[in-house]
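Trainee: Can you look at this prediction? I've put the sequence above it.
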Amino acid sequence: MKVCRSLAVGFAAAFVAATPFDLRAEVVRIEITSREPANQRSVGTVGEFEILRGKIYGELDPADPHNTLIQDIALAPRNERGKVEYIATFTLAKPVDLTKAARVLLYQVVNRGNGQVTIGPEGYISLISGWQGDVVPTPNNQTIVVPVAKARDGRAVTGPVVARFIDVPNGASTAPIRLASMGTPQPYLPADLSEHGAVMTMYTSESRSGAQQGRQTVARSDWAFANCETVPFPGTPDPTRVCLREGFRADRAYQLVYTAKDPLVLGVGLAATRDVVSFFRYADRDRSGTPNPVAGAIDRTVSIGDSQSGNFIRTFIHLGFNQDESNRIVWDGAFPRIAARQTPMNLRFALPGGAAGLFEPGSDGIVWWGQHQDRIRGLKKASLLDRCTATNTCPKIVEAFGSAEFWGLRLSPDLIGTDAKADVPLPDNVRRYYYPGTTHGGGRGGFRAEAGEPASFGGAPCELPQNPNPEADTTRALTRALVEWVTRGTAPPASRYPTLANGDLVQATREAMGLPEIPGLTFNDQILNPVLDYDFGPSFNAADVSGVMRTVPPRVRRVLPTYVPRVNRDGNETSGVASVLYQAPLGTYLGWNVIRSGFFAGQGCGFSGGYLPFARTKAERLEKNDPRLSLEERYGTQEGYVCVVKRATEQAVSDRFLLPEDAQRLIGEAEASKVLAAIAESTEENVTTGRALCASGSQSAFAAPPRRPSRYAPQSIAEQEDPWPPNRLFNKQRE
């Protein structure tokens with residue numbers, strides 16, 4: 001906070017020097033602080049790239065209808081022109097020779113300030129900029145300075161906030177005030193360090209639905225806003241820490257509700273992103289005459305963002321910011337990836353750095369692209385695209401997500417609503433793709449039969465090893481497909497994702513999923529992070545995730561139905577766009593994991609996925625009582641395995657889910673992997689199996705038949721053992 005305020009002083013001084021005039025362009029001044037060659041001095045036929053870094057000085061008219069939706073913009077300080085100011089950092093990568101650029105601006109939304117521009121043979125102009133106003137600046141991240149809301153009489157704006165302390169080292173006297181789900185520092189300081197109404201509670205256990213057991217209130221005289229690391233209780237007053245007289249207990253969790261002051265007007269980051277992208281796309285120069293370094297070189301813009309950044313894209317479009325103040329479209333295409341929610345940033349005392357943790361908003365309102373009425377939460381029929389549809393500024397959209405988003409990030413309502421009764425239809429301008437069996441963001445890839453390092457999330461150790469199943473290869477192909485859709489009108493592949501209509505989505509129980517009993521696989525009903533219906537009070541606009549949260553922490557009205565994809569007899573999911581590794585599986589790839597130790601032991605390990613490798617031989621499988629076929633039973637020989645990989649790559653390239661250059665790399669990696677090297681390949685049975693897999697038109701053993709949901713008749717033994725035709729599970733076209 002001190003850093004942000006010091007920047008604000010320099011910010012005001014910079015605006016005094018800006019030249020005022022009456023044009024509607026909202027970028028007052030662009031300041032390029034550095035210009036240097038990219039590390040890749042020459043890229044394909046595009047040639048050399050250069051990287052520009054700098055700052056954008058902008059201002060917003062709080063009375064303009066394009067901006068009035070921003071929470072508390074009416075309470076933001078104004079300059080002498082009656083405008084609200086901001087400063088955003090940016091980094092731009094472009095070909096030195098702009099005539100060789102692809103005329104496409106790729107805007108990559110940074111995640112908690114972190115991100116890099118892309119330099120590639122496609123010749124895209126790549127841009128990143130700051131949008132999250134509570135991010136503390138560092139030499140390498142992207143930030144934005146936004147105003148602090150003040151009451152009209154100049155007094156501080158105050159309101160309730162909640163902080164949570166979990167897995168604090170046993171006996172520690174002091175803990176920082178953080179947002180528990182991601183360890184993000186709480187940026188909102190107490191209005192009064194001696195506040196008598198602040199309440200700290202501790203409890204012995206907590207369910208995923210927020211039920212707290214053994215709850216006790218800690219006497220106000222036994223804790224303080226202070227640091228007791230060097231001075232005994234009550235310590236040295238400190239608005240960023242809490243000191244506990246008796247010290248924290250590792251077997252307890254603690255929750256603090258206090259009155260904070262000076263909320264940041266974080267919604268300004270939405271408008272700033274709109275104006276920054278619009279400037280580089282449309283403007284010749286800024287108000288003071290500094291030229292736009294890519295003026296005239298951009299015909300189309302495409303945004304891409306992962307996780308929190310993908311949520312930002314969804315919120316940006318939903319709240320109408322894809323229309324600039326001159327009513328032009330900002331992004332022609334958008335790729336929100338591994339994103340399930342809205343970003344909770346257009347709120348008073350917003351904390352957009354969270355990640356679907358308990359009591360955090362983001363899944364409360366409209367999260368679906370098609371028209372759907374949320375009767376359970378009392379919301380009218382609506383869509384994320386309503387505002388851009390009204391102004392004819394909707395982008396073409398590709399979205400992709402994986403298993404971890406169902407288990408950890410509350411994705412279910414995006415597809416089937418809050419009642420889970422029917423699939424929400426997709427509009428014509430949206431394509432949806434599912435990465436089956438992936439951890440959040442995808443794994444490292446490669447063809448390794450053995451398990452890797454244990455997974456972890458937010459410092460919590462998980463029980464199962466890291467899931468290596470990748471998403472990156474599919475993502476590259478989908479990105480290219482989106483650009484071709486935007487620039488040439490070439491439609492992407494048809495959507496592929498799990499649906500209720502096809503029986504792909506079921507309740508998160510072992511029986512409904514068809515999850516087999518695999519040695520070493522722990523499963524319980526506390527793994528899923530369910531969708532909760534929160535009551536934040538009457539000033540909270542749930543549909544837009546905007547407004548003021550007055551009931552903090554929120555009241556949990558109910559747990560909503562939350563479905564997950566079903567699996568086959570290997571424990572692997574059966575729908576979507578499978579990676580090549582997933583089509584030539586070496587084990588069971590899970591979108592969930594289990595916390596091994598600590599206060600939440602036995603619950604879901606954030607959104608980190610797990611991996612359980614297959615046995616190498618039939619003898620090893622039988623010894624472990626593993627129901628899954630071994631590697632030698634599946635593939636026979638190394639040659640047989642490589643043939644399965646080749647067939648999967650050929651089909652994926654044909655379906656436009658894999659780039660040819662990535663296909664060649666994957667085949668080379670499979671040939672070098674030697675995943676069956678330790679198996680006696682010379683046995684007649686193994687050789688026969690391998691040859692059968694390599695025979696033209698033969699059936700593939702890449703995936704086991706799916707276990708049907710319990711409402712269907714059980715499969716016969718013959719059905720379970722029969723191999724499926726190549727790619728049958730993953731190549732059904734689904735709109």
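Mentor: Looks like it arrived, so ask away.
Trainee: What ranges does the stretch 601-735 of the chain have for its helices?
Mentor: Counting by DSSP state H, counting those that start in this stretch, the stretch 601-735 of the chain has these helices, from start to end: 618-624, 631-635, 638-654, 660-673, 684-694, 717-721.
Trainee: The fifth one to helix 638-654, inter-axis angle?
Mentor: It stands for helix 684-694. Computed with axes from the mean of the first three to the mean of the last three Cα atoms, to 10 degrees, the direction of helix 684-694 lies at 20 degrees from that of helix 638-654.
Trainee: With the fourth one instead?
Mentor: For the pair helix 660-673 and helix 638-654, the angle between their directions (the same axes, to 10 degrees) equals 170 degrees.
Trainee: Quick one: residues in contact with the regular element (helix or strand) spanning residue 31.
Mentor: Residue 31 is located in strand 27-37, with elements delineated by DSSP states H and E. Applying Cβ atoms under 8 Å, 6 or more residues apart in numbering, the contact partners of strand 27-37 are 14-15, 18, 48-59, 275-276, 279, 283, 286-288, 290, 292-293. For glycine as for every other residue, the C-beta is placed from the backbone atoms N, C-alpha and C.
Trainee: From those, keep the buried residues only.
Mentor: The neighbour count (16 or more other Cβ atoms under 10 Å) marks 14-15, 18, 49-59, 275-276, 279, 283, 286-287, 292-293 as buried among those.
Trainee: Which ones among those residues lie within strands?
Mentor: 49, 50, 51, 52, 53, 54, 55, 56, 57, 58, 59 (DSSP state E).
Trainee: any chance of these in TSV, plus pLDDT?
Mentor: Written out in TSV, the entries for these read as follows (pLDDT from 0 to 100):
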residue	pLDDT
49	95
50	96
51	97
52	98
53	98
54	98
55	98
56	98
57	98
58	97
59	97
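Trainee: Can you give me the buried ones in stretch 664-684?
Mentor: So stretch 664-684, judged by 16+ other Cβ under 10 Å, has buried residues 666, 667, 669, 670, 673, 675, 676, 679, 681.
Trainee: With distance to residue 443 as added columns, please give those residues in TSV.
Mentor: Rendered in TSV, the data for the buried residues of stretch 664-684 read as follows (distance: Cβ to Cβ, whole Å):
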residue	distance to residue 443
666	14
667	19
669	14
670	16
673	15
675	16
676	21
679	24
681	27
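Trainee: Just send those back as JSON lines, with pLDDT too.
Mentor: Rendered in JSON lines, the data for the buried residues of stretch 664-684 read as follows (pLDDT from 0 to 100):
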{"residue": "666", "pLDDT": "98"}
{"residue": "667", "pLDDT": "97"}
{"residue": "669", "pLDDT": "97"}
{"residue": "670", "pLDDT": "96"}
{"residue": "673", "pLDDT": "94"}
{"residue": "675", "pLDDT": "91"}
{"residue": "676", "pLDDT": "89"}
{"residue": "679", "pLDDT": "73"}
{"residue": "681", "pLDDT": "57"}
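Trainee: which SS class is residue 360?
Mentor: For residue 360, the reduced secondary structure class is coil; criterion used: DSSP: H, G, I helix; E, B strand; the rest coil.
Trainee: try the one 5 residues further on
Mentor: Three-state assignment for residue 365 (three-state DSSP): coil.
Trainee: what sits against it?
Mentor: Taking Cβ under 8 Å, 6+ apart as the test, what residue 365 contacts is 342, 374, 377, 379, 541, 542, 543, 544, 545.
Trainee: re earlier: closest one to residue 405 among the helices of the stretch 601-735 of the chain?
Mentor: helix 638-654 (21.5 Å; Cβ to Cβ).
Trainee: give me the low-pLDDT residue ranges for the stretch 251-400 of the chain?
Mentor: Within the stretch 251-400 of the chain, not a single segment meets pLDDT under 70.
Trainee: Please enumerate the helices of it.
Mentor: Using DSSP H, counting those that start in this stretch, the helices of the stretch 251-400 of the chain run over 268-282, 308-318, 386-391.
Trainee: Mind giving me the packing neighbours of the shortest one?
Mentor: The reference is to helix 386-391. In this structure, helix 386-391 packs against helix 308-318, with contacts taken as 3 or more Cβ pairs under 8 Å, 6 or more residues apart in numbering; DSSP states H and E.
Trainee: So which elements touch the helix it packs on?
Mentor: Packed against helix 308-318 by the contact rule (3+ Cβ pairs under 8 Å, 6+ apart) you find helix 268-282, strand 300-306, strand 333-337, helix 386-391.
Trainee: Can you point out the buried residues in that helix?
Mentor: For helix 308-318, the neighbour count (16+ other Cβ under 10 Å) marks 308, 309, 310, 311, 312, 313, 314, 315, 316, 317, 318 as buried.
Trainee: Residue 388 and residue 328, how far apart?
Mentor: 12 Å (Cβ to Cβ, to the nearest Å).
Trainee: With neighbour numbers in mind, choose between these two.
Mentor: Neighbours were tallied for residue 388 and for residue 328 using other Cβ atoms under 10 Å; the higher tally belongs to residue 388 (24 against 12).
Trainee: show me what contacts residue 589?
Mentor: By Cβ under 8 Å, 6+ apart, the residues touching residue 589 are 403, 437, 438, 443, 467, 468, 469, 572, 582, 609, 611.
Trainee: can you tell me which of those residues are in helices?
Mentor: 403, 582 (DSSP state H).
Trainee: I'd like the contacts of residue 589 written out as JSON lines, with pLDDT and neighbour count added.
Mentor: Supplementary listing: the contacts of residue 589 in JSON lines, determined by pLDDT from 0 to 100; neighbours: other Cβ atoms under 10 Å:
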{"residue": "403", "pLDDT": "98", "neighbour count": "30"}
{"residue": "437", "pLDDT": "98", "neighbour count": "31"}
{"residue": "438", "pLDDT": "98", "neighbour count": "31"}
{"residue": "443", "pLDDT": "97", "neighbour count": "24"}
{"residue": "467", "pLDDT": "97", "neighbour count": "30"}
{"residue": "468", "pLDDT": "97", "neighbour count": "24"}
{"residue": "469", "pLDDT": "98", "neighbour count": "29"}
{"residue": "572", "pLDDT": "97", "neighbour count": "25"}
{"residue": "582", "pLDDT": "97", "neighbour count": "25"}
{"residue": "609", "pLDDT": "97", "neighbour count": "32"}
{"residue": "611", "pLDDT": "97", "neighbour count": "24"}
